[in-house]
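Visitor: pasted the sequence and its predicted model underneath.
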Amino acid sequence: MKIRVLNPTNETSPEKLEPAPRLNTLRGKTVGLISNGKEGTPGFFAHLDRLLRKRFDVANVVLTTKANYSAPAEAAIIDGARSWDLTISGLGD
């Protein structure tokens, strides 16, 4: 019997990306929360919302939920995120 082994790696190198600049403060900023829509997410993000506002004086927290937890965020969410200062994408199970 012959065994054939395939190499699943891509032959092209991915584009090198630089991380976004770090914020000096969260005071007065808008933080966007992208939920995957799973069961544990609402409670977690509600708690995170309170912490961000109380401890870090965040001005605004925007909560959005993806339509499908296993798919990328929809274009409308990505477009909205352009106006946020920081985005946290979360999970909840």
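Guide: In hand now; what should we look at?
Visitor: remind me what the longest helix along the chain packs against, helices and strands.
Guide: In the chain, taking DSSP state H as the definition, the longest helix is helix 41-56. Applying 3 or more CB pairs under 8 Å, 6 or more residues apart in numbering; DSSP states H and E, we find helix 41-56 packed against strand 30-35, strand 60-65, strand 86-90. The C-beta positions use only the backbone N, C-alpha and C, and glycine is treated the same way.
Visitor: mean neighbour count, those: which tops it?
Guide: strand 30-35 (a mean of 20; mean count of other CB atoms under 10 Å).
Visitor: what average pLDDT does that strand get?
Guide: Averaged across strand 30-35, the pLDDT comes to 96.
Visitor: equivalent analysis for stretch 82-93, please.
Guide: 86.
Visitor: ok, residues contacting stretch 34-49?
Guide: By CB atoms under 8 Å, 6 or more residues apart in numbering, the residues outside stretch 34-49 that reach it are 33, 61, 63-69, 73, 77, 81, 87-93.
Visitor: buried residues in that stretch, which are they?
Guide: For stretch 34-49, a neighbour-count test (16 or more other CB atoms under 10 Å) marks 34-36, 41, 45, 48-49 as buried.
Visitor: dump stretch 31-41 to CSV, keeping only the CA atoms.
Guide: Provided in CSV are the C-alpha atoms of stretch 31-41 (Å, rounded to 0.1, in the frame of the first residue of the first chain):
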residue,chain,number,x,y,z
VAL,A,31,-14.9,51.2,22.3
GLY,A,32,-16.7,48.8,20.0
LEU,A,33,-17.5,45.3,21.2
ILE,A,34,-18.2,42.7,18.5
SER,A,35,-20.0,39.7,19.9
ASN,A,36,-20.0,36.3,18.2
GLY,A,37,-23.6,35.9,19.5
LYS,A,38,-23.1,32.9,21.6
GLU,A,39,-24.9,32.3,24.9
GLY,A,40,-22.3,33.6,27.3
THR,A,41,-21.5,36.8,25.5
